[in-house]
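> no sequence on this one, just coordinates:
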């Protein structure tokens with residue numbers, strides 16, 4: 001089992017920045033593929049970014065590329081999502097996900113609201 005707890009959401013004006021954090025426990029963090037997903041009101045959950053267990057570089061959805069950056073700190077068992085140049089369409093609940101051994105785990109999410 002993997003437990004994930006997100007933090008860092010809030011209300012920010014368009015053009016602003018936020019950093020989300022996701023603390024993981026229950027498994028060796030360095031073995032986990034970690035990702036961020038989001039779900040806007042009335043829409044399906046979508047991929048935002050992923051960082052593999054073996055990599056220090058992440059992959060990002062086209063919609064956030066150049067604005068968002070995923071990173072991980074294995075010593076702190078934490079994955080981050082730095083979000084810059086936020087837009088109103090980035091408003092969503094952001095979920096942290098972990099994948100290991102064919103199993104996927106989710107946090108409860110943190111709400112990000114970007115006002116215009």
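Arrived safely. As the structure is a computational prediction, the values presented were derived from the model and not from experiment.
> now do the same end-to-end measure for stretch 3-18.
23 Å (Cα to Cα, to the nearest Å).
> Can you identify each of the helices in the chain by residue range?
Counting by DSSP state H, the chain has no helices to list.
> Could you state which residue of it sits nearest its centroid?
Of all residues in the chain, the one closest to the mean position by Cα atoms, centre = their mean is residue 36, 2.9 Å from it.
> Contact partners for the nearest residue to it once chain neighbours are set aside?
Sequence neighbours aside, residue 48 is the residue nearest to residue 36 in space, at 4.3 Å (criterion: Cβ to Cβ, 6 or more residues apart in numbering). From N, CA and C alone the C-beta is placed, and that goes for glycine too. Counting by Cβ atoms under 8 Å, 6 or more residues apart in numbering, residue 48 touches 35, 36, 37, 38, 60, 61, 64, 68, 70, 81, 94.
> Tell me which two of the residues you listed sit farthest apart.
Within the contacts of residue 48, two members stand farthest from each other by Cβ to Cβ: 60 and 94, at 13.6 Å.
> Out of the two, name the residue with the larger neighbour count.
residue 94 (23 against 19; other Cβ atoms under 10 Å).
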